[in-house]
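>>> following is a predicted model, sequence given first.
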Amino acid sequence: MRLEEIALGHLKRRKGKAILCVLGLALGVAVFTAMTVILQVMEREVAESIDRYGANILVVPRSEDLSLTYGGISVGGVTYRVRDLPEGAVRAIWSIKNAESLSAVAPKLLGAVEVKGRRVLLVGVLFDQELRMKPWWELEGHRPAQPEEVLVGWRVAEGLGLRPGSELIVQGRLLRVAAVLRETGSTEDDLIYAGLALVQELLHQRGRLSLIEVSALCTSCPIEEIAQQIAAALPDAKVTPLRQAVKGREATVQRLAGFALVISAVVVLVGALMTAVTMISSVNERTREIGILRAIGYRKVHVMRLILVEAVAIGAAGGALGYL
């Protein structure tokens, strides 16, 4: 009789214990497999969600700075050769090779205006792109739909007494407040947002942009590669990947991966210990059988092989069942 036949025959005689061991091991493998699959899905979904929350590439006009120092003392600097950022830059960004990795491209034109005797920063935006990039914004009112409708930051609204439906005059133009942005605790509370075309007209900057914020999906393409493609499409612009946003996404994904790995390792360890305890118990119960095998000429390696065949059979059955 072959050793494999002896091992399998022993398992058949002790079906209850073997089945219990297989089920315990299957449970561990099932949890490990499930955690691995869930982790992969979570990594992808979390990465895509974080990528969509805010910009991770900034495009600004290129300029050259000359730092003035004398005797180790800085006396200020000079900015020269400032190149404008044309409105066609938005089309150029959408035409890059990895354009499918772009979630939103939000151009902006900034300018200081006077409203009710107070200086306020007016920001021209494309509302569809801006709201897509900042889904955490909470609006009191409705989304601006008409050219004369604006979105007002919380602090500006409080200081000027503005509410949804209020009217204000900017650069001699009558505008209406469509919504007030709820407090965000950032500089957005001090801004007035209006349509890009309207702000370009009010500031006499037709076709001009101050900056462009880009939200790129880092999961489908490295952020540095996308930034290089944008820089190649816009040679007169300075393209800066916001590494803090990318590193934050990577840190979140790594924490999720670490947590899942620990849980999976613990479950598999419990299953392995259960199998080991079962095999040790099997050996203790078969002391006489092992003695007889040794007496008729079986060596230690043969006895070890007999036990390992049983362990492999249980492990293979439990692993396959758990994986399925």
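Right, received. Where do you want to start? Numbers count the residues shown, from 1 in each chain.

>>> quick one: least confident helix or strand in this structure?
strand 73-80 (a mean of 44; mean pLDDT, DSSP states H and E).

>>> and after that strand, which helix or strand comes next?
strand 85-86 (DSSP states H and E).

>>> partner strands of that following strand and their direction?
Applying DSSP bridges to the sheet, strand 85-86 is found paired with strand 208-209 (antiparallel).

>>> contacts for the strand it pairs with?
For strand 208-209, the external contacting residues (CB atoms under 8 Å, 6 or more residues apart in numbering) are D84, L85, P86, E87, A89, V90, P107, K108, L109, Q200. For every residue, glycine as well, the C-beta is placed using N, CA and C.

>>> mind doing that once more with 6 Å?
D84, L85, E87, P107, L109 (CB atoms under 6 Å, 6 or more residues apart in numbering).

>>> nearest to M279, of those residues?
Nearest to M279 among the contacts of strand 208-209, counting by CB to CB, is P107 at 67.8 Å.

>>> and that closest one, what element?
Here P107 is assigned to strand 102-115, by DSSP H and E.

>>> what residues of that strand count as buried?
By neighbour count with 16 or more other CB atoms under 10 Å, strand 102-115 contains the buried residues L102, S103, A104, V105, A106, P107, K108, L109, L110, G111, V113, V115.

>>> going along the chain, name the strands of the stretch 151-300 of the chain.
167-170, 173-181, 191-195, 208-209, 211-216, 237-241 (DSSP state E, counting those that start in this stretch).

>>> give the buried residues for the first one.
Of all the residues in strand 167-170, those buried under the rule 16+ other CB under 10 Å are L168, V170.

>>> that one packs against which elements?
strand 102-115 (3 or more CB pairs under 6 Å, 6 or more residues apart in numbering; DSSP states H and E).

>>> relative to strand 211-216, how tilted is the strand it packs on?
150 degrees (axes from the mean of the first three to the mean of the last three CA atoms, to 10 degrees).

>>> what comes into contact with strand 102-115?
By CB under 6 Å, 6+ apart, strand 102-115 touches 52, 90, 93, 119, 121-125, 129-130, 132-133, 168, 170-171, 199-200, 203, 205, 209-217.

>>> of those residues, buried ones?
Buried subset of those (neighbour count, 16+ other CB under 10 Å): 52, 90, 93, 122-125, 129-130, 133, 168, 170-171, 199-200, 203, 205, 209-217.

>>> do I have it right that W154 meets D189?
Yes - if you go by CB atoms under 6 Å, W154 and D189 touch, sitting 4.6 Å apart.

>>> shared neighbours of the two, anything?
E183.

>>> which residues of the stretch 1-150 of the chain fall in helices?
3-13, 15-52, 89-94, 127-133 (DSSP state H, counting those that start in this stretch).

>>> is it possible to export those helices to TSV including distance to R288?
Compiled in TSV, the helices of the stretch 1-150 of the chain are given as follows (distance: least, CB to CB, whole Å):
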stretch	distance to R288
helix 3-13	13
helix 15-52	18
helix 89-94	80
helix 127-133	76
